[in-house]
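A.B. asks: Turn this into a structure:
(chains A, B, C and D)
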There are 2 protein chains.
Amino acid sequence: MTRRTYGQLCGLARALDLVGERWTALIVRDLAVRPRRFTDLQEGLPGIGTGLLSERMQHLEAAGVVERRPAPRPERGVHYTLTERGRDLADALMPLARWGLGLLSDGEPDGEEAYRAEWLVVTLRSLFDPARAAGVHDCYVFDVMGERVWATVDDGELSTGEGDPPRPPDMVLATDPATLAAIGCGAVDPAAAVAEGRATVTGDPAASARSLEVFAAR
Amino acid sequence: MTRRTYGQLCGLARALDLVGERWTALIVRDLAVRPRRFTDLQEGLPGIGTGLLSERMQHLEAAGVVERRPAPRPERGVHYTLTERGRDLADALMPLARWGLGLLSDGEPDGEEAYRAEWLVVTLRSLFDPARAAGVHDCYVFDVMGERVWATVDDGELSTGEGDPPRPPDMVLATDPATLAAIGCGAVDPAAAVAEGRATVTGDPAASARSLEVFAAR
DNA sequence: CCGCATCCGCGTTGATACTG
DNA sequence: CAGTATCAACGCGGATGCGG
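C.D. replies: Predicted structure coming up:
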């Protein structure tokens, strides 16, 4: 009955009271990419039970992190979206996401991990350094086995999305999930991946060099 | 037997595979303040069972986040310390700690929450903005019902600790936990708290003004 | 179908007792 | 002090069912 909390007057403990339970932070991650309906979330979170997802969404809504809205015109049902507080939370999770990239190269548990190109949106946001993007105006496209994600950088402002980029790309990087993860966490240099035939880079070489600066794995 | 993971090739999911379980992030928080022995951790985490704490420490050690060391000279036993990777993790948790401050004013669950002055060290780190600290050279002391925490700011560099400050303080703020939490999350202005008799501020008024800039609740 | 509530078996957790 | 052993209680995963 009584929801379990740490009961400590500390920002981190209080944050974890809300997002520390299983699945909750990943729900916020998925909603940070775009609004989704219940079944979209369920599909992106394999293993979560419907009852648990329902309960998590109620807590997040009660905490003012997500909002339920009727889905736009042609569709039916409900869309869950992040509130401003929810977007702040998603931003606060980015450093943790970036830290976790360093663990990805530690060795994949048992070969088969799920992959979705949309997670790349989160990765790009977590790697983006506005200070290094001053004066940069580029559009990058990442093609992961046919699924495409784009990022535009305009002077410290980052926009990301899935599918067709809003303007012609200055660089297109095509590769597989594992190689992209290795590049993202700094374990593999893109040039080396290209040399090994595990990736292809097209477009302006200067732009691809800038992309490494702007999304620095450090 | 098989440790439960999300099985997703995503930095956030991988990070949560390690620190997403109950207590783990709070263990890292406590070790970020100073090295501790097993029973220190247990005392600061009321409710955790010894078996669970033991298992968590083994996982953190296996992941290269903490190190076991024999305790220094006069003492016996073991000290747990953060490795460099562990300190990076602690840094990555600071934005989440800061976000959680905003929840503290939402209403305390049921009156009685635990409080420890050392958590203030974490709060100060999470609020610190190096960019706003350029040119600032101050020493602040926070007195929470007799327990004292200090912070020195020197041109973008923050040091924190418990007990006596390394140099004479430029400002001393004395108050109770609840009021300090309210100030930290920006819900209460320090001047207002002083006017209400819930806090006292001594020292250089200019320094106390700077402290609000440097530890901006934004 | 979509959103959700309910139920059940099992893994995880909390608390205590015990050991080197 | 630093854990291991044990067991009850709770949270989670999966299946089923029900109204819109």
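
A.B. asks: Would you map the strands across chain A?
C.D. replies: Taking DSSP state E as the test, the strands found in chain A are A:66-70, A:78-82, A:137-144, A:147-154, A:157-162, A:171-175, A:199-203.

A.B. asks: Out of those, the one nearest A:P130 is which?
C.D. replies: A:P130 lies closest, by C-beta to C-beta, to one member of these: strand A:157-162, at 7.6 Å. No exception for glycine: its C-beta is placed from N, CA and C like everyone else's.

A.B. asks: For the closest one, buried residues please.
C.D. replies: Going by neighbour count (16 or more other C-beta atoms under 10 Å in any protein chain shown), the buried part of strand A:157-162 is A:158, A:160-162.

A.B. asks: Okay, angle between it and strand A:137-144 too, please.
C.D. replies: 30 degrees (axes from the mean of the first three to the mean of the last three C-alpha atoms, to 10 degrees).

A.B. asks: Which pLDDT does the model give A:E147?
C.D. replies: pLDDT for A:E147: 94.

A.B. asks: Just the C-alpha atoms of stretch A:14-33, please, in CSV.
C.D. replies: Provided in CSV are the C-alpha atoms of stretch A:14-33 (Å, rounded to 0.1, in the frame of the first residue of the first chain):
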residue,chain,number,x,y,z
ARG,A,14,14.0,12.2,-3.4
ALA,A,15,14.6,12.0,-7.1
LEU,A,16,15.2,8.2,-6.7
ASP,A,17,11.9,7.9,-4.8
LEU,A,18,10.3,8.8,-8.0
VAL,A,19,12.5,7.6,-10.8
GLY,A,20,14.6,5.0,-9.0
GLU,A,21,12.1,2.1,-9.5
ARG,A,22,12.5,-0.3,-12.4
TRP,A,23,11.6,1.1,-15.8
THR,A,24,10.7,4.6,-14.7
ALA,A,25,13.8,6.3,-16.0
LEU,A,26,13.6,4.5,-19.3
ILE,A,27,10.0,5.7,-19.8
VAL,A,28,11.2,9.2,-19.4
ARG,A,29,14.0,8.5,-21.9
ASP,A,30,11.5,7.2,-24.5
LEU,A,31,9.2,10.2,-24.0
ALA,A,32,12.1,12.6,-24.4
VAL,A,33,12.4,11.5,-28.0
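
A.B. asks: hmm, that stretch in reach of DNA strand C?
C.D. replies: No. Using C-beta under 7 Å from any atom of the strand, we find that stretch A:14-33 stays clear of DNA strand C, coming within 8.5 Å at best.

A.B. asks: ok now that stretch, how far from the chain's centre?
C.D. replies: Put simply, stretch A:14-33 sits 13 Å off its chain's centre (C-alpha atoms, centre = their mean, to the nearest Å).

A.B. asks: how about that stretch against chain B, any contact?
C.D. replies: Yes. Residues of stretch A:14-33 contacting chain B under C-beta under 8 Å from any C-beta of the partner chain: A:14-20, A:22, A:25-26, A:29.

A.B. asks: low-scoring stretches of chain A, by residue?
C.D. replies: A:1, A:108-111, A:218 (pLDDT under 70).

A.B. asks: and if we set it to 80?
C.D. replies: In the predicted model, chain A carries pLDDT under 80 at residues A:1-2, A:71-76, A:107-112, A:217-218.

A.B. asks: In it, where's the longest helix?
C.D. replies: Under DSSP state H, the helix in chain A containing the largest number of residues is helix A:84-104.

A.B. asks: In it, which residues are buried?
C.D. replies: Per 16+ other C-beta under 10 Å, helix A:84-104 contains these buried residues: A:86, A:88-90, A:92-104.

A.B. asks: what's the answer for stretch A:47-61, then?
C.D. replies: So for stretch A:47-61, counting by 16+ other C-beta under 10 Å, buried means A:48, A:53, A:56-57, A:59-60.

A.B. asks: closest one to chain B among the strands of chain A?
C.D. replies: Nearest to chain B among these is strand A:137-144; the distance by C-beta to the nearest C-beta comes to 10.4 Å.

A.B. asks: Strand A:171-175 and that closest one, what's the angle between them?
C.D. replies: Comparing the axes of strand A:137-144 and strand A:171-175 via the same axes, to 10 degrees yields an angle of 20 degrees.

A.B. asks: Can you name the residues in contact with strand A:137-144?
C.D. replies: A:115, A:117, A:120, A:124, A:148-155, A:165-177, A:180, A:207, A:210-211, A:214 (C-beta atoms under 8 Å, 6 or more residues apart in numbering or on different chains).

A.B. asks: one step back: for the buried residues of stretch A:47-61, which one is nearest DNA strand C?
C.D. replies: A:M57 (5.6 Å; C-beta to the nearest atom of the strand).

A.B. asks: these two touch, right, that closest one and A:V66?
C.D. replies: Yes. Between A:M57 and A:V66 there is a contact at 6.6 Å, judged by C-beta atoms under 8 Å.

A.B. asks: Can you tell me, leaving aside adjacent residues, what's nearest to A:D189?
C.D. replies: Among residues not flanking A:D189 along the chain, A:I183 sits closest, at 7.6 Å (C-beta to C-beta, 6 or more residues apart in numbering or on different chains).

A.B. asks: what's the neighbour count on the one you found?
C.D. replies: By other C-beta atoms under 10 Å in any protein chain shown, 22 other residues sit near A:I183.

A.B. asks: Next to DNA strand C in this structure, residues from chain A, please.
C.D. replies: Taking C-beta under 7 Å from any atom of the strand, the part of chain A that reaches DNA strand C is made up of A:4, A:37-40, A:49-51, A:54-55, A:57-58, A:68, A:71, A:76-78.

A.B. asks: re the thing from before, between A:M57 and A:V66, what contacts are shared?
C.D. replies: Common neighbours of A:M57 and A:V66, counting by C-beta under 8 Å, 6+ apart, are A:Y80.

A.B. asks: Export the buried residues of stretch A:47-61 to TSV and append columns for distance to DNA strand D.
C.D. replies: What follows is these, written out as TSV (distance: C-beta to the nearest atom of the strand, whole Å):
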residue	distance to DNA strand D
A:I48	5
A:L53	9
A:R56	8
A:M57	13
A:H59	10
A:L60	13
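
A.B. asks: returning to what we had before: dump the strands of chain A to TSV, plus distance to B:A131.
C.D. replies: Shown next, in TSV, are the strands of chain A (distance: least, C-beta to C-beta, whole Å):
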stretch	distance to B:A131
strand A:66-70	31
strand A:78-82	27
strand A:137-144	24
strand A:147-154	21
strand A:157-162	18
strand A:171-175	30
strand A:199-203	34
